[in-house]
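Visitor: Give me the fold of what follows.
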Amino acid sequence: MRGFLTLTAATALLIFQPALQAARAQDSSPAAPAAAAAPIAPPAPPPPPLSESVVVTVNDDLVSTYDIVQRMRLLIVTAGIQPNEQNLPDIQREAIRSLVDERLEMQELRNQGKTQKFDLIASEQEVDDEIASIARSNNTSSTQLLAQLAGQGVGAQTFRDQLRAEISWRGWIRGRYGQRLVIGDDQIKAYQKRLEAEAGKPQYQIGEVFIDASRAGGMLAAQQGAEQLISQLQKGAPFPAVARQFSNSPSAANGGDVGWISTGEMAPEVDRVLENLRPGQLSPPIPVKDGVYIVYLKDRRAGDSSTVVKLKQVAIALAKTASTEDVEAAQAKLTAMRPKLQGCDNLESTAAKTPGAVSGDLGEADTKDLAPAFRTVVDTLQPGQVSDPVRTDAGLHLIAVCEKRKGGANQMTRDQIEDRLYGQELAMIAKRQLRDLRNSATIESR
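Guide: Below is the predicted model:
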């Protein structure tokens, strides 16, 4: 598409000339205040009329100059960026890529719908609901949001088409593959083990934009695109809006929000940069194996190496002043019982057969809050193991460890881990599906 890009770049410069002049005037004005981080850019002069022609065909589906310029305007307005001579080519390439991908997605959904005799395309109501959700997140109404877009020369249908493709594709991927996708216990345990190993390391709350080199046209183009986006972010473009429109990561749907991560969850190149960022800072472009990251550090916190355990016990009451003979007799009972215990599973039923022994659930606690005698033995036990008799002022005890995990605010629950792994797997499936569609498609420029 190189010839096409050169041709339409000149057209794009003409179409966006008023905005370019405004941007240059703003850049050259002394002591200009920082741009407000608003989701919709200020009104721009009406664009000149555009002569429509077909420039790309995607399996005989047409993409016109009108489609491309409309998508460029939508990207500029919703991402809150200022067009200039440097970033217009990148915006144009992203507009074409997104339009081509959406054409492929919608073609596949229509074909699948014919085969399954079921409409897979999002309804008007679903699109309306999505627009209402976006409007609420920007503290406005659907009517006001569409009016603001119209004031920037963006047709409502352009916005609706983008959302319809996004909703439909996401729903089909989840519907087709979600039921088959099973996150195994081994995957969850491996993730938990890694989190535990990293529990004492710093935690980072981040937003991300990922520029996929294969989509951008190579690493150099991805690097240049990331530099242009950083320039716009530094001028006040909202990070979530930029991520939603330009990021190729699954987190784009959430405005680039990744949440809290530990060292090791991102590429090593990203980890090294995060170590030197302060909350509120934006990273430089970070090249990785298959693209370039931009990371925004929202917050950071120290790691937490505490351990939480769930315990049960069998105890025989003994006064602090009990005789040696009584202590030895109680110890013999518990020592004889211990080999019969299968961790926490049969503790109560086994203890009930021993005269003088009582069982109880000690609940969940941080090991640092346990009595010293209990903590000493619990630190050495793994889930399912039972201690030797432990002497306290209240008696003799067998301590069984039912569960053991790392504590702290950064620790994810099992359900949270499963949800994250499930989302990652679905994202990879969606990426592979789209890649296969591209490889088998006939895409021509005119």
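Visitor: what pLDDT, on average, does the strand or helix carrying Lys298 get?
Guide: Assigned by DSSP states H and E, Lys298 belongs to strand 291-301. What strand 291-301 shows for mean pLDDT is 93.
Visitor: Please apply the same query to stretch 384-394.
Guide: 93.
Visitor: ditto for stretch 343-350
Guide: Stretch 343-350 shows a mean pLDDT of 92.
Visitor: What of stretch 406-421?
Guide: 75.
Visitor: Which strands and helices lie in contact with the strand holding Lys298?
Guide: Applying 3 or more C-beta pairs under 8 Å, 6 or more residues apart in numbering; DSSP states H and E, one finds that strand 291-301 contacts strand 203-212, helix 213-216, helix 219-234, helix 268-274, strand 286-288. Yep, even glycine has a C-beta here, placed from its N, CA and C like the rest.
Visitor: If we use 7 Å, what do you get?
Guide: When contacts are defined as 3 or more C-beta pairs under 7 Å, 6 or more residues apart in numbering; DSSP states H and E, strand 291-301 sits against strand 203-212, helix 219-234, helix 268-274, strand 286-288.
Visitor: Could you list the residues in contact with that strand?
Guide: 202-213, 222-223, 226, 229-230, 239, 270, 273-274, 277-279, 281-283, 285-286 (C-beta atoms under 7 Å, 6 or more residues apart in numbering).
Visitor: Next secondary structure after the helix or strand Thr158 falls within?
Guide: Using DSSP H and E, Thr158 falls within helix 156-177. Once the chain leaves helix 156-177, the next helix or strand it forms, by DSSP H and E, is helix 185-197.
Visitor: what is the mean pLDDT for that next one?
Guide: Computed over helix 185-197, the mean pLDDT rounds to 84.
Visitor: Pull out the buried positions in that helix.
Guide: 188, 191-192, 195 (16 or more other C-beta atoms under 10 Å).
Visitor: Out of those, name the two that are farthest from one another.
Guide: Greatest spacing in the buried residues of helix 185-197, by C-beta to C-beta: Ile188 and Leu195 (10.5 Å).
Visitor: follow-up on the earlier one: the helix holding Thr158 - what's its average pLDDT?
Guide: Helix 156-177 comes out at a mean pLDDT of 93.
Visitor: Work out the gap between it and the centre of the chain.
Guide: Relative to its parent chain, helix 156-177 has a centroid offset of 19 Å by C-alpha atoms, centre = their mean, to the nearest Å.
Visitor: what angle sits between the longest helix anywhere in the chain and strand 203-212?
Guide: When the chain is parsed with DSSP state H, its longest helix is helix 88-116. On the basis of axes from the mean of the first three to the mean of the last three C-alpha atoms, to 10 degrees, helix 88-116 is oriented at 90 degrees to strand 203-212.
Visitor: Return the list of helices and strands in contact with the helix or strand following helix 88-116.
Guide: Going down the chain from helix 88-116, the next helix or strand is helix 124-137, by DSSP H and E. If you count contacts as 3+ C-beta pairs under 7 Å, 6+ apart, helix 124-137 packs onto helix 142-151, helix 156-177.
Visitor: Name the stretch among the ones you listed that sits most buried.
Guide: Stretch with highest mean neighbour count among those: helix 156-177 (a mean of 18; mean count of other C-beta atoms under 10 Å).
Visitor: which residues touch that one?
Guide: Here helix 156-177 makes contact (C-beta under 7 Å, 6+ apart) with 70-71, 74, 102, 105-106, 109, 112, 120-122, 126-127, 130-131, 146, 149-150, 426, 429-430, 433.
Visitor: thinking again about what came up before, reformat the buried residues of helix 185-197 as TSV; add distance to Gln157.
Guide: Shown next, in TSV, are those (distance: C-beta to C-beta, whole Å):
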residue	distance to Gln157
Ile188	44
Tyr191	43
Gln192	47
Leu195	46
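Visitor: Give the single residue among the residues you listed positioned nearest to Gln331.
Guide: Gln192 (36.2 Å).
Visitor: From Leu181, how far off is that closest one?
Guide: 19 Å (C-beta to C-beta, to the nearest Å).
Visitor: picking that back up, wait, which of the helices and strands packed on strand 291-301 is closest to Lys333?
Guide: Once C-beta to C-beta is applied to the helices and strands packed on strand 291-301, the stretch that comes out nearest is strand 203-212, at 46.7 Å.
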